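Engineer: My questions are about this predicted structure, shown below with the sequence.
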There are 2 protein chains.
Amino acid sequence: MLDNITNPTTAPTRPSRKTEDLRTVAETARRPEHRYGNRPTMKDVAARAGVGLKTVSRVVNGEAGVTPDTERRVQEAIESLGFRRNDSARVLRKGRTASVGLVLEDLADPFYGPLSRAVEEVARAHGALLINGSSAEDPEREQELALALCARRVDGLIVIPAGHDHRYLEPEMKAGVATVFVDRPAGRIDADAVLSDSFGGSRAGVAHLIAHGHRRIGFIGDQPRIHTATERLRGYRAAMEEARLDVEDSWVSLGPTDPERVREAVTAMVSGPEPVTALFAGNNRVTVTAVRALAGREHPVALVGFDDIELADLLGITVIAQDAAALGRTAAERLFRRLDGIEEPPAQVVLKTTLIPRGSGEIPPPPSA
Amino acid sequence: MLDNITNPTTAPTRPSRKTEDLRTVAETARRPEHRYGNRPTMKDVAARAGVGLKTVSRVVNGEAGVTPDTERRVQEAIESLGFRRNDSARVLRKGRTASVGLVLEDLADPFYGPLSRAVEEVARAHGALLINGSSAEDPEREQELALALCARRVDGLIVIPAGHDHRYLEPEMKAGVATVFVDRPAGRIDADAVLSDSFGGSRAGVAHLIAHGHRRIGFIGDQPRIHTATERLRGYRAAMEEARLDVEDSWVSLGPTDPERVREAVTAMVSGPEPVTALFAGNNRVTVTAVRALAGREHPVALVGFDDIELADLLGITVIAQDAAALGRTAAERLFRRLDGIEEPPAQVVLKTTLIPRGSGEIPPPPSA
DNA sequence: TCCCCCTCTGACAACGTTGTCCAGGGCCTA
DNA sequence: TAGGCCCTGGACAACGTTGTCAGAGGGGGA
């Protein structure tokens, strides 16, 4: 898949007796035009400056032991040739790439933007670049991406898991790729993870609704194979149980979070003879669709959503906020501590969530209910 | 800056007469523990499988010319050693990295998430990975990032410029780094660019307000050194001029888009003896703050914002929408066409914007005005 | 004057992979 | 059975950089 590095349809090796001919072909093939566009190398710089290769290397890397005069000559040669060090070669030689990989679900999701940015900032502070890819919630794609990053020899990997089995990363981790999971724990391996308190947050949100008088509360969440989805459902059930409220099957809906599915689920729960009076939305996408679906209903339905959303303050949406940037930052810091050689057993860090009441969660149930 | 690839404080080269000693030191240093964690190489695989190096390479790359039996032996060796090809070395040898760089302003900005994702998808379709970095609107950081990416020998570069002088990229582009600018044009060099129609969109938005009866319209935009900011202001002025409306100095405010500054600007414009009756917001961040600042005012102020925003439909905010994903996709496609060797003169592609009326832009001015 | 040491410099190998080319063996044909 | 061809496999160099080490040159002390 991620494999089609140019395969420049090599000239058919038709045999020939004349070595000169072959030599010519070889020479031509050896320097295809787009090979780095024939960029100057340190060797070229050295030749131009009339110094040795290693001296150029020293200048480029600011190592000590070069006379000012020599350094100047080298610098001039660098300037005039437009030389730029080839970090690919450097990486090969040094064994560290100064880059980390981030596998997330969807870079376009407003939840992951700040997370990714936070990781990037920490990486930058450590002089590393960030390569990121979206798994689109597809375990196979997650694996493909993560392994491609390992093949690039990223120093570390931050993964927001789509799948539930990460044993495929074991050889990589053993080989020294620092790995931290975020937002969801790793499956079937022992690894660092940084999570939000989905269970606790959800329980608090549902308890909030119960405290405002609701007894019939619906839960709409993501697909059950996603860890946070089931954790949040667990929080919902826990809160209901603690209030000694039964949960009817029709009050719970897990599944894809596309608008159509969510809209249907919302409509089903708030209609009928015995509708729910409040909804708990399992993530930002669900919340958004729920708000749209509920807008303009005559009997307002209370709503609490997991994840904060831009403009939620203006719309008065009560949410359980998690700090995406903090997730990313914490994970990245842990990653770099590992890269700095600190040995600790793998651990899970759980970040607290915050209930932000803004109105939608404080709507009381209709008197009839 | 991006330079601190491990510098493993080399053992002080204290001179010694005993060559054996030095040899030992050298051997130890040659294989520092964390050098790829001593990963197996093709050589190791070859030894284990009892075949030649090149044969392993052939198997790994799925090249023809290996007997099924040999292939099986090699595969087994790969499995049992946990071998994974080192793409760093591959890249060095092949000259193409199958990766592209994306320099944007802020990955956490909801406008850039979809853009970045779109670039990623196109890259993925071409078997390339995406390295991205945020310039934080700092020209120096943009340059640092772009050049670091070039040093990594990315095949191509997509840049959302923060600065106005991109001559620093000329040697890179000459050396074959395909480069496409997005959202804003390149400065002082001739290069591909994919833009939204800031001028036209802004003009249409302001004309929309004028058509609804407004005569006193304010413009709040980003810093004047940002191309889109001045283009949108130009669109504002054009619309006003076409309607033969004078623009008072106090109606125009350009500057940083942090909430404090924007809030002050909004307040200043809508207060006083002769307030504006409508506002045009120069980008998503301004729009958001403007909506907050205007919320709860007794006399509603009309508002049109540049960039669509999540939930804007529910809040009834009229916007000039641009398609961030299309920007990214178009730019990436152009990039890969260049990488495929298509030679065309650099061109600017301008994508249309869409006016989406949702209410806030259709509020008439108060009768008194 | 000679020797030692220190500073600066460059030759060389190595990083792990792939492209080129050659060799050996099996098979087919004459 | 010999000759030629194809198929498979391997030796080797090269990609561009950095670490090691040795040599050249100069200065200072004995």
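Structural biologist: It's in.
Engineer: Quick check: closest non-adjacent residue to whichever residue of the stretch 251-369 of chain A sits closest to DNA strand C.
Structural biologist: As assessed by C-beta to the nearest atom of the strand, DNA strand C sits closest to residue A:339 within the stretch 251-369 of chain A, at 18.3 Å. All C-beta spots, glycine's among them, are computed from the backbone N, C-alpha and C. Excluding the flanking residues, the one nearest residue A:339 by C-beta to C-beta, 6 or more residues apart in numbering or on different chains is residue A:178, at 5.2 Å.
Engineer: How about the contacts made by that neighbour?
Structural biologist: Shown in contact with residue A:178 (C-beta atoms under 8 Å, 6 or more residues apart in numbering or on different chains): A:155-157, A:335, A:338-339.
Engineer: and of these, the nearest to residue B:168?
Structural biologist: Ranked by distance to residue B:168 (C-beta to C-beta), these are led by residue A:155 at 27.5 Å.
Engineer: And for that closest one, the neighbour number?
Structural biologist: 25 (other C-beta atoms under 10 Å in any protein chain shown).
Engineer: Next: residue A:367.
Structural biologist: 5.
Engineer: just to revisit the earlier point, where does the residue of the stretch 251-369 of chain A closest to DNA strand C fall, phi/psi-wise?
Structural biologist: phi -60, psi -30 (degrees, to the nearest 10).
Engineer: Let me see the contact set for it.
Structural biologist: Residue A:339 neighbours (C-beta under 8 Å, 6+ apart): A:126, A:155-156, A:178.
Engineer: With pLDDT added, can I get those in TSV?
Structural biologist: Shown next, in TSV, are those (pLDDT from 0 to 100):
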residue	pLDDT
A:126	94
A:155	94
A:156	96
A:178	95
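Engineer: What about these, which are in strands?
Structural biologist: A:156, A:178 (DSSP state E).
Engineer: want to throw the contacts of residue A:339 into CSV with distance to residue A:254?
Structural biologist: As requested, the contacts of residue A:339 are arranged in CSV below (distance: C-beta to C-beta, whole Å):
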residue, distance to residue A:254
A:126, 39
A:155, 37
A:156, 33
A:178, 33
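Engineer: Please compare the contacts of residue A:339 by their distance to residue A:119 and name the closest.
Structural biologist: Using C-beta to C-beta, these come closest to residue A:119 at residue A:156, 10.2 Å.
Engineer: okay, now the residue of the stretch 51-200 of chain A found nearest DNA strand C: neighbour count?
Structural biologist: The nearest approach of the stretch 51-200 of chain A to DNA strand C comes at residue A:52, 2.5 Å away (C-beta to the nearest atom of the strand). When neighbours are counted by other C-beta under 10 Å, residue A:52 registers 13.
Engineer: separation between it and residue A:83?
Structural biologist: 15 Å (C-beta to C-beta, to the nearest Å).
Engineer: Residue A:62 too?
Structural biologist: Residue A:62 is 15 Å from residue A:83, by C-beta to C-beta.
Engineer: What of residue A:103?
Structural biologist: 34 Å.
Engineer: What is the burial count for whichever residue of the stretch 251-369 of chain A sits closest to chain B?
Structural biologist: Proximity of the stretch 251-369 of chain A to chain B (C-beta to the nearest C-beta) peaks at residue A:311, 4.9 Å away. By the criterion of other C-beta under 10 Å, residue A:311 has 18 neighbours.
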